[in-house]
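In: The following comprises the amino acid sequence and a computationally predicted model.
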Amino acid sequence: MAEDFIRHELIESRDYQNNIFESAKDKNTLVVLPTGLGKTIISIMVVNYRLSKYEGSKALILAPTKPLIEQHYRTFSRLTKFSLGIASGEIPPEKRRLEYDAHQVIFATPQTIENDISTSNIDLSNFSVLVVDEAHHSIGNYSYVNVAKAFYGSSKFPNLLALTASPASDMAKIKAICKNLGISNIEMKSEIDEDVSKYVKSKLMEEIKVTLPPEILDLLVKVKGLIDQNISDLKEVGIMKDVSASKINRRLILQLQSEFRKKMASGDRKFYVIRGVIITSKILKLYHAYDLLAIESLEAFRNFMGKIVSGKAKSDKEIAKLEETKYIIEMADHLLERGIETPKLAEVERILREKMDKSKRCIVFTQYRDTVDIIFKHLKHIEGISPVRFIGQGNGGLSQREQVEIIRDFESGVYNVLIATSVAEEGISIKDVDVAIFYEAVPSAIRSIQRRGRVGRFNVGTVYILITAGTNDEGYYWVSKRREKAMRKLVEGLKKDKNMIINDGTLNPFT
């Protein structure tokens, strides 16, 4: 009898997981399953089957971040008897090779494996299963795509299991994911399915709309004036002179800037090209400043304007020398001295004071590191609140080791409020998170679903979404809702007829 590596006494048997396993164990399968319903358990079942079927073979588990890799490692450690190893960029290549040789199941980020494939530091021929977590990343030139190709090209008995809670909101992206991963089978479940619904914890959603004080609204008018002035400068040098101001937006300016940069790269140094690069750069920075002021906080706006003033780029210097800029910065400083700020910060404090106690945990999601710091500063003096920052690695951020330690401390109760950027949105399972606060709306359906998925996984949770009236916050919120609706409709359609993808020639099964 084949060896069984699962500690079955620790795992609750669920029919939908067993059915997905039976479908996926010998086919390259994309599993779409809502957050908190046990995608990792399904991966354990498939890995157990493949390593039992192909005695002496190995499994490779990939996830986008080190904290998520660590999480999978801990789950496998608790629920299985496999020999486990971790491979990360922090480990020297020669030691990673020893990990690959010594263990049955390897956990790694796709970038690490991609690098080791390119240097022949890993031999995938004896790996019988590749698990791709957060599979919605498998588009373009992301490392998942390249690792999957190498796996199919090397393994003697390949099988791929792709997992996601939020695939995409349009058919083209789902088809791209399936094609890039060689998917020949799709298993989808939603929270309303009869065999799933009894395991779903409810989430209370509350949208909180705030109104900016008149002083900040006045400041926004001044920043908008700078944007309009620079758009006029573009027209004066012959760019977009026939385009009405109402049709000029951030996307158009980004496209223009890209075109001008390409011209410069090809040697075109005409006056209008050089000025085009500088002016579009100024406009984009001012758009960002406007959004910081409208959606994030006055302090975040002031910090960004300070970076422009001290900046060395031509665009920074041109913005900084304007009398209007000097006035705007003086006005911002004056308002901050008077204690005037966005109402969002006060709302975060109110929610935490009313909803939190020593037994509860909260995650506050925000877009920017600067906002993380500002929220932290506002919360750290509140009695009963122990906040901690949780940010990505780049530009002086947290190392992967520090991220893992913070998650462990948050779970154990050292901290009860995690203030996080997008690094905490994806995949991380934290026991008993009771409250989530979206400091701003995000236009991405996937990110919105992932944020909500961090709360209420084991008990009923509450999600608060802060929206600044009359700003892009409102637009982003409705865009996200429309995309989520489209995603749900698409998933429901695919559940009814998986052949919408499988039989149209899109897929290229490898088994």
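Out: That came through, no problem. As the structure is a computational prediction, the values presented were derived from the model and not from experiment.
In: low-scoring pLDDT stretches of the stretch 101-250 of the chain, where are they?
Out: 169, 201-202 (pLDDT under 70).
In: Please enumerate the helices of it.
Out: In the stretch 101-250 of the chain, the helices defined using DSSP state H, counting those that start in this stretch lie at 110-118, 143-154, 171-181, 194-197, 214-236, 250-265.
In: Format the ones you listed as JSON lines; extra columns: distance to residue 48 and mean neighbour count.
Out: All C-beta spots, glycine's among them, are computed from the backbone N, C-alpha and C. Listed next are the helices of the stretch 101-250 of the chain as JSON lines, based on distance: least, Cβ to Cβ, whole Å; neighbours: other Cβ atoms under 10 Å:
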{"stretch": "helix 110-118", "distance to residue 48": "21", "mean neighbour count": "20"}
{"stretch": "helix 143-154", "distance to residue 48": "19", "mean neighbour count": "20"}
{"stretch": "helix 171-181", "distance to residue 48": "21", "mean neighbour count": "20"}
{"stretch": "helix 194-197", "distance to residue 48": "22", "mean neighbour count": "13"}
{"stretch": "helix 214-236", "distance to residue 48": "57", "mean neighbour count": "16"}
{"stretch": "helix 250-265", "distance to residue 48": "48", "mean neighbour count": "15"}
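In: Now render those helices as JSON lines, adding distance to residue 416.
Out: As requested, the helices of the stretch 101-250 of the chain are exported to JSON lines (distance: least, Cβ to Cβ, whole Å):
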{"stretch": "helix 110-118", "distance to residue 416": "33"}
{"stretch": "helix 143-154", "distance to residue 416": "34"}
{"stretch": "helix 171-181", "distance to residue 416": "37"}
{"stretch": "helix 194-197", "distance to residue 416": "30"}
{"stretch": "helix 214-236", "distance to residue 416": "31"}
{"stretch": "helix 250-265", "distance to residue 416": "37"}
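In: which stretches of this structure form strands?
Out: Secondary structure of the chain (DSSP state E): strands at 29-32, 58-62, 84-87, 105-108, 127-132, 160-164, 185-188, 203-210, 362-365, 387-390, 417-420, 435-438, 461-468.
In: what's the first one packed up against?
Out: This means strand 29-32. Applying 3 or more Cβ pairs under 8 Å, 6 or more residues apart in numbering; DSSP states H and E, one finds that strand 29-32 contacts helix 15-24, strand 160-164, helix 171-181, strand 185-188.
In: Can you lay out these as JSON lines showing distance to residue 337?
Out: What follows is the helices and strands packed on strand 29-32, written out as JSON lines (distance: least, Cβ to Cβ, whole Å):
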{"stretch": "helix 15-24", "distance to residue 337": "58"}
{"stretch": "strand 160-164", "distance to residue 337": "48"}
{"stretch": "helix 171-181", "distance to residue 337": "48"}
{"stretch": "strand 185-188", "distance to residue 337": "55"}
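In: Out of the ones you listed, which is closest to residue 388?
Out: Closest of those to residue 388 is strand 160-164, at 28.0 Å (criterion: Cβ to Cβ).
In: Restrict the closest one to CA atoms and write it as CSV.
Out: Extracted in CSV, the C-alpha atoms of strand 160-164 (Å, rounded to 0.1, in the frame of the first residue of the first chain):
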residue,chain,number,x,y,z
LEU,A,160,0.3,21.3,-11.9
LEU,A,161,-2.2,22.6,-9.3
ALA,A,162,-3.0,26.3,-9.6
LEU,A,163,-4.9,28.0,-6.8
THR,A,164,-6.6,31.4,-6.5
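In: can you pull the contacts of residue 210?
Out: 342-344, 347, 466-469 (Cβ atoms under 8 Å, 6 or more residues apart in numbering).
In: and it, how far is that from residue 443?
Out: 19 Å (Cβ to Cβ, to the nearest Å).
In: Equivalent analysis for residue 197, please.
Out: Between residue 197 and residue 443 the computed distance is 29 Å (Cβ to Cβ).
In: Residue 119 against residue 97, yeah?
Out: No: assessed by Cβ atoms under 8 Å, residue 119 is found out of contact with residue 97, at 9.9 Å.
In: neighbour-wise, which of these two wins?
Out: Comparing residue 119 with residue 97 by other Cβ atoms under 10 Å, the one with more neighbours is residue 97, at 18 against 9.
In: check contacts around the more buried one.
Out: By Cβ under 8 Å, 6+ apart, the contact set of residue 97 is 116, 121-122.
In: who's in contact with residue 354?
Out: Counting by Cβ under 8 Å, 6+ apart, residue 354 makes contact with nothing.
In: Revised request: answer the last question for residue 79.
Out: Counting by Cβ under 8 Å, 6+ apart, residue 79 makes contact with 6-7, 10-11, 41, 44.
In: Just give me the closest of these to residue 337.
Out: Taking these together and measuring to residue 337 by Cβ to Cβ, the closest member is residue 41, at 54.8 Å.
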